[in-house]
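Visitor: Give me a model of this one.
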Amino acid sequence: MKENLTRSGIKLSPVYQPTKLDDDYGKRFGNPGEYPFTRGTRAYSGQGWIQRELSGEGDARRSNEQFKYLMSLGQTGLDVIGDSPTMSLMDPDHPLARYTVGTQGVSLCCHEDYRQLLEDIPLDQMSISSSAPSMFTVASLYLVAQERGVSPAKLRGSVIEWPFYSEHCSYAYKMPFDLHLRMSCDVIEFCSKHMPRFHGYLEDTYFFSEAGLNAVEEAALGFVEIRHIVRTLLARGLDIDSFAPRIAILTNCSMDFYEEIAKIRAMRRIYARMMKEEFGAKDPRSQAVNIAVHTSGLSLTTEQPANNIVRGAVQTVALGLAGVSALEISTFDEGYRTPSKEAHLVGLRTQQVIDLETNINAVQDPFGGSWFMESLTDQVEARILAMVKDIESRGDPADLVSSGFFKQFFHGTMGRYHHQVQDGEVVKVGMNVHQMPAAEDTLLRDISEEKIPPLFDRIEQLKAWRAARDQAQLLAALGRVHDVVKSGENMMEAVLDATRVGATMGEIAGVLRQAWGTPYDPYGYLKSPLGGEQ
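Guide: Alright, predicted model coming up:
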């Protein structure tokens with residue numbers, strides 16, 4: 001490991017700590033890689049974070065080219081976003097999907113799409129994180145790996161589990177809560193057994209925090225969901241150390257520089273203590289949570305989009321100082337669209353400049369021991385824990401979902417944030433201060449405003465592809481999915497089989513709903529291939 005020096009030749013130690021260590025230091029902080037992981041989950045390695053940019057647009061082949069472009073620029077992990085129909089468990093030929101296919105992410109609905117999406121991607125070398133629905137992403141990723149002779153046990157990456165909040169402030173699955181929760185737990189259990197290096201549970205606090213939540217609210221709601229899912233898995237008879245090592249968290253990063261650093265430090269400590277003291281985890285890997293971050297899209301403005309480059313850079317510095325494991329920047333044009341080629345380049349180069357030119361990775365947790373940072377971390381931690389306690393005191397969190405508690409909460413935070421911006425309490429340069437006449441606000445606007453047209457051809461191609469499938473195999477596989485839902489077994493093997501013979505995500509999701517006793521198509525346009533709505 002190379003020696004780290006300042007430009008003046010001063011040697012930097014990987015970690016700074018008190019000259020005299022006492023019990024309080026060990027209980028509150030520990031060195032990086034030591035419980036309670038306040039200062040970081042790993043001992044100093046000299047390496048920075050996994051660098052990636054949100055990607056996916058058009059169809060799978062077009063997105064595959066986007067992946068290869070980013071990898072050629074030095075990206076070290078992939079981060080995939082589906083288009084609106086994909087993220088809503090809707091196939092592209094659904095009548096409501098027509099005008100959004102491929103416009104805000106990649107259109108994915110069947111195993112062939114994933115074959116094309118991952119063509120020539122070294123699956124045993126590249127970390128693949130996906131925001132697309134987890135059950136179907138894991139099934140196709142597992143099958144693609146098998147087809148290429150790569151052991152699924154070597155796969156790295158993550159999928160999001162979001163049964164609590166997705167219906168209220170993101171893409172709606174139109175799934176009953178209990179079914180959505182079971183789907184998540186089935187994926188986590190399957191990955192723990194068959195894909196042990198893969199994070200089958202990424203707690204995504206980013207997506208709901210964009211509803212105007214502050215750092216404390218974001219972390220508290222994340223822990224409420226984590227705690228409920230962990231309890232559900234334990235009730236199945238799983239050992240905590242069989243799945244907890246592969247839980248990770250994806251958080252937001254706003255422009256509140258110091259609080260975001262304190263939030264990440266506090267979340268590591270809360271998670272470690274929760275896993276060890278409450279859930280009885282003995283494996284240190286179960287106590288040390290990897291935290292990845294996507295910088296805030298809500299902090300961006302459509303006015304003066306070049307300012308968004310600065311926002312992403314400031315947030316990246318905060319995250320580098322906090323010691324995150326992976327990072328993607330919300331690019332300068334994301335107030336308008338998913339990232340363009342030019343925005344991808346700027347976002348990735350921003351990460352690389354900060355990583356390689358600033359010495360930011362020379363010292364772990366450089367704020368550790370700061371009177372200010374330790375006080376702020378303690379206060380953020382205390383408020384997170386108090387909010388978790390308050391929410392759980394109101395009853396079973398699952399019942400709170402059904403009663404609309406969280407829906408009402410998000411409506412309140414969205415309104416609050418709108419008024420904060422409108423009143424100037426939240427300052428946004430170019431939007432509510434230092435505005436510019438529209439005629440002069442031209443820098444990067446031509447790139448930002450370029451639209452991605454819907455893929456109407458894909459709709460017709462999918463209809464032809466459906467007709468060419470072996471219908472007997474398809475119906476038999478979908479029938480097994482239906483039966484497994486009824487039996488209470490883990491659904492993943494049946495979903496794998498259905499995916500293998502060409503069932504689409506929309507068809508499988510519809511059969512899951514149908515077996516649960518709800519309509520195959522919650523929008524009322526489509527009929528189940530299995531017949532009646534039982």
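Visitor: Only C-alpha atoms from now on, for both contacts and neighbour counts.
Guide: Noted.
Visitor: which ones are touching V388?
Guide: Applying C-alpha atoms under 8 Å, 6 or more residues apart in numbering, we find V388 in contact with A220, L221, F223, V224.
Visitor: mind running it again at 10 Å?
Guide: V216, E217, A219, A220, L221, G222, F223, V224, E225, R227 (C-alpha atoms under 10 Å, 6 or more residues apart in numbering).
Visitor: Equivalent analysis for L475, please.
Guide: Contacts for L475 were tallied using C-alpha under 10 Å, 6+ apart; they are V481, A498, V501, A503, P529, L530.
Visitor: In three-state terms, label D79 for me.
Guide: The three-state label for D79, taken from DSSP: H, G, I helix; E, B strand; the rest coil, comes out as strand.
Visitor: mind checking how far it is from V293?
Guide: Relative to V293, D79 is positioned 11 Å away (C-alpha to C-alpha, to the nearest Å).
Visitor: And stretch 447-459, end to end?
Guide: Termini of stretch 447-459 sit 27 Å apart (C-alpha to C-alpha).
Visitor: Is it possible to get a markdown table of the contacts of V388 that adds neighbour count and secondary structure?
Guide: Below are the contacts of V388 laid out as a markdown table (neighbours: other C-alpha atoms under 10 Å; DSSP: H, G, I helix; E, B strand; the rest coil):
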| residue | neighbour count | secondary structure |
| --- | --- | --- |
| V216 | 24 | helix |
| E217 | 19 | helix |
| A219 | 28 | helix |
| A220 | 23 | helix |
| L221 | 22 | helix |
| G222 | 26 | helix |
| F223 | 23 | helix |
| V224 | 18 | helix |
| E225 | 22 | helix |
| R227 | 18 | helix |
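Visitor: Need the max-distance pair from those.
Guide: In those, two members sit farther apart than any others by C-alpha to C-alpha. They are V216 and R227, at 16.4 Å.
Visitor: about what we covered before: need the residues touching each of D79 and V293.
Guide: With C-alpha under 10 Å, 6+ apart applied, the overlap between the contact sets of D79 and V293 consists of L327, E328.
Visitor: how's the protein carved up into domains?
Guide: Taking automatic domain parsing as the domain assignment, the record places the domains of the chain at 45-423, 476-534.
Visitor: closest to D24 out of these?
Guide: Each of the domains of the chain was scored for nearness to D24 using C-alpha to C-alpha, and the closest is domain 45-423 (12.1 Å).
Visitor: Any figure for the gap between R39 and A266?
Guide: With distances defined as C-alpha to C-alpha, the gap from R39 to A266 amounts to 9 Å.
Visitor: which one of the contacts of L475 is nearest P305?
Guide: For those, the closest approach to P305 (C-alpha to C-alpha) belongs to A503, at 41.7 Å.
Visitor: Would you agree that closest one is in contact with A467?
Guide: No - using C-alpha atoms under 10 Å, A503 makes no contact with A467, being 11.6 Å away.
Visitor: Where does pLDDT dip in the protein?
Guide: For the chain, the stretches with pLDDT under 70 are 1, 533-534.
Visitor: Longest helix in it, please.
Guide: Secondary structure assigned by DSSP state H gives helix 371-393 as the longest helix of the chain.
Visitor: For that one, list every residue counted as buried.
Guide: Applying a neighbour-count criterion of 16 or more other C-alpha atoms under 10 Å, the buried positions in helix 371-393 are 373-374, 376-378, 380-381, 383-385, 387-388, 391.
Visitor: which of those lies closest to S254?
Guide: Of all the buried residues of helix 371-393, the one sitting nearest S254 is V380; the distance, using C-alpha to C-alpha, is 14.9 Å.
Visitor: quick one: Q352 from T316, how far?
Guide: The span separating Q352 from T316 equals 10 Å under the rule C-alpha to C-alpha.
Visitor: Need phi/psi at I270.
Guide: Backbone geometry at I270, expressed as degrees, to the nearest 10, gives phi -60, psi -50.
Visitor: I meant to write P339 there.
Guide: Per degrees, to the nearest 10, the residue geometry at P339, taken as phi and psi, is phi -60, psi 140.
Visitor: ok now stretch 70-81, how far from the chain's centre?
Guide: Remark: stretch 70-81 is offset 15 Å from the chain centroid, using C-alpha atoms, centre = their mean, to the nearest Å.
Visitor: Start and end of that stretch, how far apart?
Guide: Using C-alpha to C-alpha, first and last residues of stretch 70-81 are 15 Å apart.
Visitor: which residues touch the residue nearest to C191 when sequence neighbours are not counted?
Guide: Across the structure, with C-alpha to C-alpha, 6 or more residues apart in numbering as the measure, the residue nearest C191 apart from its sequence neighbours is G200 (5.5 Å). With contacts defined as C-alpha under 10 Å, 6+ apart, G200 is in contact with 134-135, 138, 156-161, 184-192, 243-244, 246-248.
Visitor: ok, now with 6 Å
Guide: Contacts of G200 were listed using C-alpha atoms under 6 Å, 6 or more residues apart in numbering, and they are S158, V159, I188, C191.
Visitor: So what touches the helix or strand harbouring the second one?
Guide: Think V159. When elements are defined using DSSP states H and E, V159 is found to belong to strand 157-161. If you take C-alpha under 6 Å, 6+ apart as the criterion, strand 157-161 is touched by S127, I128, S129, S130, S131, S134, S184, F198, H199, G200, Y201, L202.
Visitor: doesn't D83 make contact with the fifth one?
Guide: Spelled out, that is S131. No - S131 lies out of contact with D83 (C-alpha atoms under 6 Å); the separation is 10.0 Å.
Visitor: Who has more neighbours out of these two?
Guide: D83 (26 against 19; other C-alpha atoms under 10 Å).
Visitor: The more buried one and C109 touch, don't they?
Guide: No - the criterion here is C-alpha under 6 Å, and D83 misses it with C109 at 10.5 Å.
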